[in-house]
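[1] I would like to see how this sequence folds:
(chains A and B)
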Amino acid sequence: MLKKSSVWRLTLIYTLLTTVLVTFVLLALYYFSVGQVIRAQETSFHEVVAQHRLLSKQLTQSEYKLQFSPEFQLSGGLSLTFQPEKGLTDVVGRLSSVPEHVSLCPNVSRFPVYQARYDDIEILSGCALPVYEGKVLVAQNRQQLERWLALFWKTSLIAILVTIVIGSLCGLWFSRKVVTKVSSVNRIARKVESGDLSARIPIDDSGDEFDQMAVHINRMLSQLEDSFETVRGTTDAIAHDLRTPLGRLRLQLEYLVCQKEETVKTDVLVGLLEELDRIISTFKSMLELTKLEHGLLGSEKDRVSLDELINDAVELIQPLAEEQNQNILVDLQPVQIRGDSSLLFRAIYNLLDNSVKYSGEGTEIKIKLSSKDLVISDNGVGIPEEDVAKAFQRLSRLDASRSQPGYGLGLPIVKAIINLHGMKIKMTSNNPGLRVRLSLS
Amino acid sequence: MKVLIVEDDRTTREFLQQALTEQGYTVETAGDGQDGLFMALELSFDLIVLDRMLPKLDGLTVLTTLRSGGNETPVLILSALDSVDERVKGLKHGGDDYLVKPFALAELLARIEILARRPAGLSKAQTTEIKLKNLTLDMLGHKLMIGDEYVELQPKEFKLLRYLLEHQDQVVSRTMLFEAVWDYQFDPQTNVIDVHVARLRKKLNEVNSLVEIGTVRGVGYRVISE
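    The predicted structure follows:
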């Protein structure tokens, strides 16, 4: 309904505007063409009338009569006839007599005249001017002009009609197009409203404002869908990573309650405490990741010397690497950046921890820092190419069941920290092993 | 030792009161910020355990008011807000330590002990060497001597040992060790600190040190002076 009414409204407005425009153009055309001719004729007509009024006052009747000899006949399509007095005597000029009921100047009237030369009746427009005892008739043939005028008005009418028809067709087409685009946006919005976040507005690559708007809205929808997916993924992840250990904890506690012995062994309780600590730490990481992803952490940035920070992280991880006979090779240039040292330390430690944990026994881990980038690579088992992209996603531990404890949030936290510092991180295969490149700046 | 606990959650408050009393502290409690501030101003305490979010008067306001009144009682902030920024805020407002909920009781006890005894600890920090049994730690030269023998230590190992010795007879948690030695706000969440301590312990054993780093189960470590 809304769509229909706006189509017609737009069409009407469009048609009205074009019609007004065309009418205006026609009026202008009239004023400067036919109108101009009419005005010129009228001017010369009245000039002649004025001239004769003057002449009749200054000349004697016989002198005045001379004006009507053919050589003095005025040009400009004017026919002059002088009738000295009533009756047909002594008429000079174009006509054989001055008709009876011609109005007096300056009122102009139309009257028919018989043209003996062509055996035809001519319609003249003119007026009579009383001079001496009689009157002089000033007349002109306006028929040609009137025909033009009629033609002009007919043509104008046709032009306006054509404008209305074509205008409304164009308007209809144009407003359909606009309204269709708008209502396609509406339709998509309604779809999204009803929960289908994958709906997208069709784009016709015309690059016009509508297209740009569609692109922007689509981009917004994609972001929305992403965060929805994240929320959904997070909820699933919370369900798995918290519910499972919570369930385990509950079962164990229940079992303890049901035990017949009154005393509970300490190591059982310590086990439960450890379980609870793991839950707490998972919960903490989830919260932290969410905050990091939304830029709620790390607002206070200082100058951090990245090489020193990496050295600290290596010193922390070193004994763990030694336990697995892994060798850490460090090649660092002094690099200063702005950032949150605790968060950056955590990111780098997590990356190192990842290498140490997953590259396997006896591998070599290389850390190279230049002013451009930081590369951490190992020659361990690596991860399959198709899983590389997934590594930075929340709670993907590259095995769906996530049976190994404590991991899954490490790399997403790394990525969130790196993003927060305006840097980029990329993970590729090192053939063999894994290569993580962190481009600074 | 007199401790004031300002905490609005009744279970937590009563549990803390019981646990601290068992540790030999004299404990007073307050259930909201107003009472807490009043008691802190009226009575004198050796330590205040202050919850961050309290009814009537927010924890940080209590802290700021105390400090602006010239009260220098050590304050340990308990908070459910766990980000580094929040922590920095708490410490800036005059807190001496910051512990995030949920916390381990042992961790809290370890931190309370260290805060309550801090004046003594501070004087130790200004000494140039720590001697214990056959071990001498030279702070200026960053050297460790066992008897007359010089033992090579890496900088972090030195810091680790120093922190443990400075807090001898006190339980030191893994997090406290990490924060003291590495100076970053972050919980490595692994046994990495244990591995470091194990290495240091092994090194000390190899040179026949009589000082031993004891493990306190579920919490951390302690060097016993006796």
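
[2] can you name the next helix or strand after the strand or helix carrying residue A:216?
    Using DSSP states H and E, residue A:216 sits within helix A:209-238. With elements assigned by DSSP H and E, the helix or strand that comes after helix A:209-238 is helix A:244-258.

[3] quick one: list the elements packing against that following helix.
    Other helices and strands packing on helix A:244-258, by 3 or more Cβ pairs under 8 Å, 6 or more residues apart in numbering or on different chains; DSSP states H and E, are helix A:266-293. C-beta coordinates here come from the backbone N, C-alpha and C atoms, glycine included.

[4] what's the angle from the helix it packs on to helix A:244-258?
    For helix A:266-293 against helix A:244-258, the angle by axes from the mean of the first three to the mean of the last three Cα atoms, to 10 degrees is 160 degrees.

[5] any part of the helix or strand where residue B:12 lies near chain A?
    Per DSSP H and E: residue B:12 is located in helix B:10-22. No: using Cβ under 8 Å from any Cβ of the partner chain, helix B:10-22 stays clear of chain A, coming no nearer than 14.9 Å.

[6] and the helix holding residue A:216, what does it pack against?
    Using 3+ Cβ pairs under 8 Å, 6+ apart: helix A:209-238 touches helix A:143-193, helix A:266-293.

[7] pick out the shakiest of these, pLDDT-wise.
    Among the helices and strands packed on helix A:209-238, helix A:266-293 carries the lowest mean pLDDT, a mean of 82.

[8] so what's residue 67 scoring on pLDDT?
    Defaulting to chain A. 76.

[9] my question was about chain B
    pLDDT for residue B:67: 91.

[10] find the nearest non-adjacent residue to it, please.
    Distances taken as Cβ to Cβ, 6 or more residues apart in numbering or on different chains place residue B:94 nearest to residue B:67, at 3.8 Å, with adjacent residues excluded.

[11] contacts only, for the one you found.
    Shown in contact with residue B:94 (Cβ atoms under 8 Å, 6 or more residues apart in numbering or on different chains): B:63, B:64, B:66, B:67, B:75.

[12] look at the second one and say how many residues are nearby.
    Read that as residue B:64. Using other Cβ atoms under 10 Å in any protein chain shown, residue B:64 is surrounded by 14 other residues.

[13] could you say which helix or strand holds it?
    Judged by DSSP H and E, residue B:64 forms part of helix B:59-68.

[14] that helix packs against which elements?
    The contact analysis (3+ Cβ pairs under 8 Å, 6+ apart) places helix B:59-68 against helix B:33-42, strand B:47-51, strand B:75-79, helix B:84-92.

[15] of the ones you listed, which is nearest chain A?
    helix B:84-92 (5.3 Å; Cβ to the nearest Cβ).

[16] what comes up buried for the closest one?
    Using 16 or more other Cβ atoms under 10 Å in any protein chain shown as the test for burial, helix B:84-92 gives B:84, B:85, B:86, B:87, B:89, B:90.

[17] in terms of pLDDT, where does the second one sit?
    The model reports residue B:85 with a pLDDT of 74.

[18] wait, it sits on residue A:297?
    Yes: using Cβ atoms under 8 Å, residue B:85 is in contact with residue A:297, at 6.4 Å.

[19] could you dump the buried residues of helix B:84-92 into TSV and include distance to residue A:330?
    Below are the buried residues of helix B:84-92 laid out as TSV (distance: Cβ to Cβ, whole Å):
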residue	distance to residue A:330
B:84	26
B:85	31
B:86	34
B:87	30
B:89	35
B:90	35
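
[20] pick the one among these closest to residue A:43.
    residue B:85 (90.2 Å; Cβ to Cβ).

[21] show me where pLDDT drops low in chain B?
    Within chain B, the stretches with pLDDT under 70 are B:118-126, B:189-190.

[22] could you break it into its assigned domains?
    Residue ranges for the domains of chain B, per automatic domain parsing: B:2-116, B:122-223.

[23] residue A:62 is nearest to which of the ones you listed?
    Closest approach to residue A:62 among the domains of chain B (Cβ to Cβ): domain B:2-116, 120.1 Å.

[24] tell me how far the ends of the closest one are from each other?
    9 Å (Cα to Cα, to the nearest Å).

[25] what does chain B put close to chain A?
    B:82-85, B:88, B:100, B:102, B:104, B:154-156, B:182, B:184-190, B:192, B:195-196, B:198-199, B:217-218.

[26] now, which of the residues you listed lie within helices?
    Among the residues of chain B next to chain A, the members falling in helices (DSSP state H) are B:84, B:85, B:88, B:155, B:156, B:182, B:192, B:195, B:196, B:198, B:199.

[27] these two touch, right, residue A:284 and residue B:83?
    No: applying Cβ under 8 Å, one finds residue A:284 not in contact with residue B:83, separated by 10.2 Å.

[28] the more surrounded of the two?
    residue B:83 (20 against 16).

[29] the nearest residue to residue B:216 once chain neighbours are set aside: how many residues sit nearby?
    Spatially, and ignoring its direct neighbours in sequence, residue B:216 is nearest to residue B:171 (5.0 Å; Cβ to Cβ, 6+ apart). Neighbour count for residue B:171, taken as other Cβ under 10 Å: 19.

[30] wait, isn't residue B:171 in contact with residue B:220?
    Yes: with contact defined as Cβ under 8 Å, residue B:171 counts as touching residue B:220 (6.0 Å).

[31] which residues do these two both contact?
    The contact sets of residue B:171 and residue B:220 overlap at B:106, B:110 (Cβ under 8 Å, 6+ apart).

[32] what helix or strand is the nearest residue to residue B:87 once chain neighbours are set aside on?
    Spatial nearest neighbour of residue B:87, excluding adjacent residues (Cβ to Cβ, 6+ apart): residue B:98 at 4.7 Å. Taking DSSP H and E as the criterion, residue B:98 maps to strand B:97-100.
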